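>>> got a sequence here, can you build the structure:
(2 chains)
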Amino acid sequence: MTNYLIRRMFTMFIVLVLSTVAVFAILNAAPGGPLDGLRMQTDPRRRLTAEDYARLENLLGLDKPIHLRYIVWLAGDDWIEVLPTWFTGLNAFGEPFRNGDARGIIRGDWGESWSVSRGNDVLTVIKSRLGNTVTLMSLATILSLAVAIPIGVFSAVKQYSTLDYAATTFSFIGISMPVFWMGLMMIILFSVKFQQWGLPSLPSGGVVSLRGAGAGTLWDRAVHLIMPTIVLSLLYMAGWSRFMRTSMLDVLHQDYVRTARAKGLVERVVIAKHAFRNALIPLITIVTLQLSSLFGGAVLTETVFAYPGMGHLYFNAISRSDWPLVMGYLLILAVLVILSNLLADIAYVLVDPRIRYD
Amino acid sequence: MAVQPLQSNAVPLQAEAIAAEEIGQLQAVWRRFRKHRLALLGAFMLAILVVAALLAPVLAPPKPAGIAGTKAPGALLFDPLAVDPVNQHLKPGTEGHILGTDEVGRDILSRLLYAARVSLYVGLMATLGSEIIGAITGAISGYYGGRIDQILMRIVDFMLTLPYLPILLVLSAMMAGQVTVPFARLNFLILILVIFGWMPSARLVRGVILSLREQEFTQASRALGASDLRIILRHMLPNALAPIIVSATLNVGNYIIIEAALSFLGFGVTPPTPSWGNMLTSVQDYMFLNPTLAIWPGLCIFLTVLSINFMGDGLRDALDPRMRGVAGGH
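Down below sits the predicted model:
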């Protein structure tokens, strides 16, 4: 196991480095840049001169060649004077690059946000939204599991029953439903229509009410979470209940289940103790693997409900070309994916003693 | 897999027998598909959608400049792009607008029809692209094995760890700033979807090829001196066709949803080109005034994808009776 973990850590490290390259390349290798908008300026009085561009490029570090920009992003630029000029090239004014004050992501300096939260440290901005996203994600995961597991087990035990067909139909609807549209429909029904009909309505977005008697209370926060949680859960409920059904069917056809029945155990015990616990193992893996995609997929849900989480922040960052923030978010997601892959492997060993990594 | 007789003088006879057998197989596939009611329903709804999308320019032709009103003379439906500020937010069925009008007075039904063309185009082309790249990579990987296989599969593994939706979002947003021609933009979107979507089909094809590599008929054709390309194209890929068709069908639905999501957020297909996704972009501003705006485009996405998924499930049952689908109408 130790051996395996060491090897695993090594590949994890390589994947992590490649992820930083990918994230950086996606945002920097494409043509065009943040100054494109300025170049489109048609009003001659407001048009910038060549020196203005040079100064701006220098200020934003865009005059550095791409490999140097990657290194600076990763490790900062308070030491780049030691690099030879054939490697770094010259800056926008035709001079060698001077040391800056960026310390790079590996030393905790993720840069400053350009537009969404101008001048603030990217990591701090993302952290300020982390709590909301984690709340939403945990609730959605719990709700999805609480619905998916019983549905999956029952439709496997009562295969081809009415309930099984109903569950199948439900999962087809779940995987075919565009989540953002479902969010819109729920807002129309539970916020707009209920309000018009004089029924107690749900808030259409945000995390707390801004005014009113109950603004900011725990109840107020809970009410704001209802619709986003349901919408975010739907897709996972659909997928996980199918997965649970398949896994349970698989186990129910195993010899040890037949043995359990043959020795006269009550069917309930056979299913609960012998089948169910073994059928959970593959589900644990898939859930752990998908946790990170739950993070990423929350972009749509959070945007529809104007929920101030990381996904909504990311959407704003893209809309306003806030590259440092976009890169920070993508990098955090990449790290989460790598960690959840590792977690899935470890969870596998912990819950299933038959599996060993030697 | 049929056992083929080895007499060399029986070639014409054998060819006929194979042709007859293929017809028989297709019939059997159709018989099994027919039994799956929901799949039939899905295929039927999709057929209607495809016909409607193809006929959109006939039903709702663009209005020639200089003509009053928002309908071309003699046309059945309104011009999808013609703005009519007087008739904003019309209720369904008023002034000849069957589904009403949107916030600038454009006919919703015409826009839905044109949007269907966009969705189907993106869904089909992105699937075609990713299946082709996936099949080539998977076939090379599975057939040659060893180093090549390891490198290709590490690439696949790595690309699968990248956060899919967020990356599509940022790439299509950057693309939207660079490409201004609507059709070119659509194709760039497809390109991005393909670049980040070919990996699952590569894995699928690799798995099938791997299992076929050591079978007798492969070894026999190798012994007869067939080239690698011939073995892959003539003997292996046809065997992989059933799972490829099934997963491709389901992929079309996924791509349609992703395109809609990107367009909804404003980074995919951008106005004035109508798409089901971008028709939903501004509905949140008019929720009290005109909530029906939000219903139709979403319903189109949902029903289309649902039909595709039903059909995919039916195809799975029909093409390979061993892989039992989820809905199986038995």
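>>> quick one: residues contacting the closest residue to chain B within chain A.
With Cβ to the nearest Cβ as the measure, residue A:181 is the residue of chain A nearest to chain B, at 3.3 Å. C-beta here means a position set from N, CA and C on the backbone, and glycine is covered the same way. The contact partners of residue A:181, taken as Cβ atoms under 8 Å, 6 or more residues apart in numbering or on different chains, are B:260, B:280, B:294, B:297, B:298, B:301, B:302.
>>> next up, phi/psi of residue 89, please.
Let's take chain A. phi 80, psi -170 (degrees, to the nearest 10).
>>> let's do chain B instead
phi 50, psi 50.
>>> thought it was touching residue B:106?
No - Residue B:89 is beyond contact range of residue B:106, at 10.9 Å (criterion: Cβ atoms under 8 Å).
>>> how about the residues of the stretch 151-300 of chain B near chain A?
B:158, B:161-167, B:169-171, B:173-174, B:177-178, B:253, B:257, B:260-261, B:264-267, B:280, B:283-284, B:287-288, B:291, B:294-295, B:297-298 (Cβ under 8 Å from any Cβ of the partner chain).
>>> what's around residue A:159, how many residues?
Look at residue A:159: counted by other Cβ atoms under 10 Å in any protein chain shown, it has 13 neighbours.
>>> show me what contacts it?
residue A:249.
>>> could you check which helix or strand contains it?
Under the criterion of DSSP states H and E, residue A:159 resides outside all helices and strands.
>>> phi, psi for it please.
phi -60, psi 140.
>>> could you do residue A:83 as well?
Torsion angles, degrees, to the nearest 10, at residue A:83: phi -80, psi 140.
>>> same thing with residue A:158?
Torsion angles, degrees, to the nearest 10, at residue A:158: phi -110, psi 60.
>>> may I see the buried residues of stretch A:147-159?
By neighbour count on 16 or more other Cβ atoms under 10 Å in any protein chain shown, the buried set for stretch A:147-159 is A:147, A:148, A:149, A:151, A:152, A:153, A:154, A:155, A:156, A:157.
>>> for residue A:298, which non-adjacent residue is spatially closest?
residue A:311 (4.0 Å; Cβ to Cβ, 6 or more residues apart in numbering or on different chains).
>>> hang on, the one you found packs against residue A:299?
Yes - between residue A:311 and residue A:299 there is a contact at 3.8 Å, judged by Cβ under 8 Å.
>>> which of those two has more neighbours?
residue A:311 (28 against 25).
>>> wait, a strand at residue A:46?
No - using DSSP: H, G, I helix; E, B strand; the rest coil, the secondary structure at residue A:46 is coil, not a strand.
>>> more neighbours: which of residue B:89 and residue B:106?
Neighbours of residue B:89 and residue B:106, each counted by other Cβ under 10 Å, are more numerous for residue B:106; the result is 23 against 15.
>>> if I look at that one, how far off is chain A?
Distance of residue B:106 to chain A, given as Cβ to the nearest Cβ, to the nearest Å: 19 Å.
>>> wait, that residue sits on residue B:82?
Yes - counting by Cβ under 8 Å, residue B:106 touches residue B:82, with 6.6 Å between them.
>>> hey, where'd the strands end up in chain A?
Counting by DSSP state E, chain A has no strands at all.
>>> quick one on the thing from earlier: for the contacts of residue A:181, which one is nearest chain A?
Closest approach to chain A among the contacts of residue A:181 (Cβ to the nearest Cβ): residue B:298, at 3.3 Å.
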